[in-house]
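Enquirer: Prediction below, plus the sequence it came from.
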Amino acid sequence: MYYTTDTATTPNAKIPEGDLKDKWSNFKDKTRLISPNNRHQYKILVVGTGLSGASAAASLAELGYNVSTFCFQDSPRRAHSVAAQGGVNAMKNYKNDGDSVYRMFYDTLKGGDFRAREANVYRLAECSSHLIDQAVAQGVPFAREYSGYLANRSFGGVQVSRTFYARGQTGQQLLLGAYQAMMRQVHLGRIKSFTRHEMLDLVTENGVAKGIIVRNMDTGEISRHAAHAVVLATGGFGKIYYLSTLAMGCNGSAIWRAHKKGAWTSCPSWTQIHPTCLPQAGNYQSKLTLMSESLRNDGRIWVPQTKNENRKAIEIPEEDRDYYLERKYPSYGNLAPRDIASRAAKERIDAGHGVGPLKNAVYLDFKDAIATQGKDIISKKYGNLFNMYEKITGINAYQQPMMISPAAHFSMGGLWVDYELSTNIPGLYAIGEANFSDHGANRLGANSLLQACIDGYYVLPQTLPQYLAQQGKATPPESSSEAFMKAENQVRSQLEELSGINGSKTVDHFHRELGKILYDKCGLSRSAKGLTEAIESIRVLRKSFLQDLKIPQVLQGINEELEKAGRVADYLEIGELMCIDALSREESCGAHFREEHQTPDGEAKRNDSDFSYISCWKKNADTPVLIKEPLQFEFTKPTERSYK
């Protein structure tokens, strides 16, 4: 048995009383506050300055709190939030197509296969409309109709148009808005920004978060930072698959170091494989390129009817094409949710209908859209994406179909948080993709930017002060305690151990091997046999890593290999827990597809009677401990998740 279960502990999600639509208002009406003239006495550390971290830091500093931010990039503008392309969802109903807060809530809950809290998801939908107004006020250049009204388009898993976008650069533009708000506070002296600093440990005293240990990535200096509260906004761990849409520096180390200090990790096996990415071209690659889901509004996905087809796409007539999403899911067609679209692509590729040099892709075709709307209209919608595709592949997608393939993209799992975004460690908060809270077992497209903004701008600035108020009068935080000294020594010891192994294989070798194990055994489909094999393989790989790793033996100054080694060491432990989590959940739900649990036509088969819970994993010396948070559905009834 790879884990034990704690049946005596039930997590307290702190859901407010009242009707679903009143819960957030009830919380805000009754929450404890801190007087404006006292707020500067409270020190808050925000780790990560992407969209959630920058928005949270800016909002907290605007309120008057003393904030320090940390990022490993040379500027907060380099955070991976810039890579989000297609848009951000919000309930405005500008198209008058039947959208509402409740519909958005239900779409998101259903999209996650009813594996999220109703209250958290409803708050996400409820707060969404405010974000668009704020972003416009910040100067975010959302696309507009000829009349001047903000434009909308659809994303997967919905039947309305609620996605606002800035061509294919929505994440970048939203991040620039948050960055500008944050830098305003930096120049006012309310935020102290530490760039090129990586968090290497969380410091706790008597079970309460008190600060962090960080490393200056330019000098190698280790420093301590104490505070009254710590906020982790460090994104997801999808780069664990090695080949993914994430930037090379993305990692799960901050949340994993917190996990090793007692923070619960929830549902780590819920990882999203995005259906529209450029396919792998060879073993030399270190990452894959995302192509926005928005392309599925006008592009039609198909494969040849004939296996191992060698004709060019433009030579294959309509009768020899299989528009498999339109065939299998006529109600949603090419805008089926990501997990379903990715599994359908994998099924066609595995069946021998893949295209491209490695036969590992499917076609995304704009022929019909160009014929009906004209090239100029398609170019206005997606021009920068078409240009990016041609720059990378050399193929003009106006003249022949794009080739796309599923790739690792997003982590629905993360640190467990309650309704207030607090982890089970008092004083430690997790926001954005670093937590598990809003998406269930599958995230709908354009909800990632939304959650990051809602957590940072609207939720955390309301919930964190309540914790601070409960602590009483603020006393200056101290970093000279035994807990800080012990944490710093542990960090130094690990760095010395990694640099002293002096083996023969690079960090990337181990990372690539881990990614292959996870793609094959804990990717788009999983099985008990495969997951068991994966756990054993990861354990062997981790042992080899600790014996045969080769990195430059330089602790001071810039050492990218040493940084990567620490992150991959964490990935090897996260990967094992991912597989254990997937093995423990004997059902299929959302992106977690167990081959033993599927309907006769190959769809995910949920088991609500036994698995309607959030898995919370507690670190233990021997084996991880599973704690279950039961999901209560008071206002909806979980139904079969059908998009046919």
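Expert: Happy to help now that I have it.
Enquirer: Contacts only, for the residue lying closest to S405 once chain neighbours are set aside.
Expert: Excluding the flanking residues, the one nearest S405 by CB to CB, 6 or more residues apart in numbering is P279, at 3.6 Å. Where you see a C-beta, it was placed from the backbone N, CA and C, and this is true even at glycine. Applying CB atoms under 8 Å, 6 or more residues apart in numbering to P279 gives the contacts 288, 356, 358, 360-361, 403-405.
Enquirer: if we take these, which one ends up nearest to G148?
Expert: I404 (33.8 Å; CB to CB).
Enquirer: Going C-terminal from the helix or strand hosting that closest one, what's the next secondary structure element?
Expert: I404 belongs to strand 402-411 when assigned by DSSP states H and E. Later in the chain than strand 402-411, the nearest helix or strand by DSSP H and E is strand 414-415.
Enquirer: Run through the stretch 501-644 of the chain and note the low-pLDDT ranges.
Expert: Low-confidence regions of the stretch 501-644 of the chain, defined here as pLDDT under 70, do not occur.
Enquirer: give me that answer again for 80
Expert: Residue ranges of the stretch 501-644 of the chain with pLDDT under 80: 553-555.
Enquirer: So which residues of the stretch 301-450 of the chain form strands?
Expert: 321-322, 362-365, 402-411, 414-415, 428-430 (DSSP state E, counting those that start in this stretch).
Enquirer: Show me the domain layout of the chain.
Expert: 274-408, 482-611 (automatic domain parsing).
Enquirer: Considering the contacts of P279, which possesses the most neighbours?
Expert: Within the contacts of P279, I404 tops the neighbour count with 27 neighbours, counted by other CB atoms under 10 Å.
Enquirer: For P141, find the nearest of the strands of the stretch 301-450 of the chain.
Expert: strand 402-411 (24.9 Å).
Enquirer: all strands in the stretch 101-250 of the chain, in order from the N-terminus.
Expert: Here the stretch 101-250 of the chain has its strands, by DSSP E, counting those that start in this stretch, at 163-164, 191-194, 197-205, 208-216, 222-226, 229-232.
Enquirer: closest one to E595 among those?
Expert: When the strands of the stretch 101-250 of the chain are compared by CB to CB, strand 163-164 sits nearest E595, at 32.7 Å.
Enquirer: list the helices and strands the closest one packs on?
Expert: Judged by 3 or more CB pairs under 8 Å, 6 or more residues apart in numbering; DSSP states H and E, the packing partners of strand 163-164 are strand 88-89.
Enquirer: Rounded mean pLDDT for the strand it packs on, please.
Expert: In this model, strand 88-89 has a mean pLDDT of 98.
Enquirer: from the chain's centre, how far out does the strand holding I404 sit?
Expert: 14 Å (CA atoms, centre = their mean, to the nearest Å).
Enquirer: Grab the longest helix from the protein for me.
Expert: Longest helix in the chain, counting residues (DSSP state H): helix 560-584.
Enquirer: mind checking the SS state of G557?
Expert: Classification of G557 into helix, strand or coil gives coil, according to DSSP: H, G, I helix; E, B strand; the rest coil.
Enquirer: Could you find the closest non-adjacent residue to it?
Expert: Excluding its sequence neighbours, the residue lying closest to G557 (CB to CB, 6+ apart) is G220, at 5.4 Å.
Enquirer: Return the residues in contact with that neighbour.
Expert: 554-557, 559.
Enquirer: What of K628?
Expert: K628 sits in contact with 5, 7, 10, 613-616, where contact means CB under 8 Å, 6+ apart.
Enquirer: at 10 Å instead, please
Expert: For K628, the contact set (CB atoms under 10 Å, 6 or more residues apart in numbering) comprises 5-7, 9-11, 611-616.
Enquirer: from those, which single one is nearest N489?
Expert: In terms of CB to CB, no member of the contacts of K628 lies closer to N489 than C616, at 29.5 Å.
Enquirer: Helix or strand: which one has the closest one?
Expert: strand 613-618.
Enquirer: After that strand, heading C-terminal, what element do we hit next?
Expert: For strand 613-618, the succeeding helix or strand toward the C-terminus, using DSSP H and E, is strand 625-630.
Enquirer: List the pairing partners of that following strand within its sheet, with orientation.
Expert: Using DSSP bridges, strand 625-630 pairs in its sheet with strand 4-5 (parallel), strand 613-618 (antiparallel).
Enquirer: what about those, which gets the closest to A227?
Expert: The closest of those to A227 is strand 613-618. By CB to CB, the value is 24.4 Å.
Enquirer: so that closest one versus helix 560-584, what angle?
Expert: Per axes from the mean of the first three to the mean of the last three CA atoms, to 10 degrees, the angle that strand 613-618 makes with helix 560-584 is 130 degrees.
Enquirer: gap between strand 613-618 and the chain center?
Expert: Per CA atoms, centre = their mean, the centroid offset for strand 613-618 relative to its chain is 18 Å.
Enquirer: From the contacts of K628, list just the buried residues.
Expert: 11, 611-616 (16 or more other CB atoms under 10 Å).
Enquirer: want to try a markdown table for the strands of the stretch 301-450 of the chain, with mean pLDDT as columns?
Expert: Converted to a markdown table, the strands of the stretch 301-450 of the chain look like this (pLDDT from 0 to 100):
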| stretch | mean pLDDT |
| --- | --- |
| strand 321-322 | 98 |
| strand 362-365 | 98 |
| strand 402-411 | 97 |
| strand 414-415 | 98 |
| strand 428-430 | 98 |
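Enquirer: Which of the contacts of G220 has the largest number of neighbours?
Expert: Most surrounded of the contacts of G220: other CB under 10 Å gives N559, at 19 neighbours.
Enquirer: Dump the buried ones among the contacts of K628 into JSON lines; add distance to R32 as well.
Expert: As requested, the buried ones among the contacts of K628 are exported to JSON lines (distance: CB to CB, whole Å):
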{"residue": "P11", "distance to R32": "22"}
{"residue": "F611", "distance to R32": "36"}
{"residue": "S612", "distance to R32": "33"}
{"residue": "Y613", "distance to R32": "30"}
{"residue": "I614", "distance to R32": "27"}
{"residue": "S615", "distance to R32": "31"}
{"residue": "C616", "distance to R32": "26"}
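Enquirer: Could you identify the most distant pair in the residues you listed?
Expert: Counting by CB to CB, the most remote pair of these is P11 and F611, 15.9 Å apart.
Enquirer: Tell me the spacing between L421 and L468.
Expert: For L421, the distance to L468 (CB to CB, to the nearest Å) stands at 14 Å.
Enquirer: what's the answer for F635, then?
Expert: Taken as CB to CB, the span from F635 to L468 is 31 Å.
Enquirer: One more: A361?
Expert: Taken as CB to CB, the span from A361 to L468 is 51 Å.
Enquirer: Which residue ranges of the stretch 151-300 of the chain form helices?
Expert: In the stretch 151-300 of the chain, the segments counted as helices under DSSP state H, counting those that start in this stretch are 170-187, 253-260.
Enquirer: Okay, buried residues for the longest one please.
Expert: Looking back up the chat, that one is helix 170-187. Residues 170-179, 181-183, 185-186 are the ones in helix 170-187 that count as buried (16+ other CB under 10 Å).
Enquirer: what packs against it?
Expert: Counting contacts by 3 or more CB pairs under 10 Å, 6 or more residues apart in numbering; DSSP states H and E, helix 170-187 is packed against helix 51-63, strand 66-70, strand 88-89, helix 118-138, strand 163-164, strand 191-194, helix 448-453.
Enquirer: Swap in 8 Å and give it another go.
Expert: When contacts are defined as 3+ CB pairs under 8 Å, 6+ apart, helix 170-187 packs onto helix 51-63, helix 118-138, strand 191-194, helix 448-453.
Enquirer: cool, the shortest one as well?
Expert: Applying 3+ CB pairs under 8 Å, 6+ apart, we find helix 253-260 packed against strand 197-205, strand 229-232, strand 265-266, strand 414-415, strand 428-430, helix 560-584.
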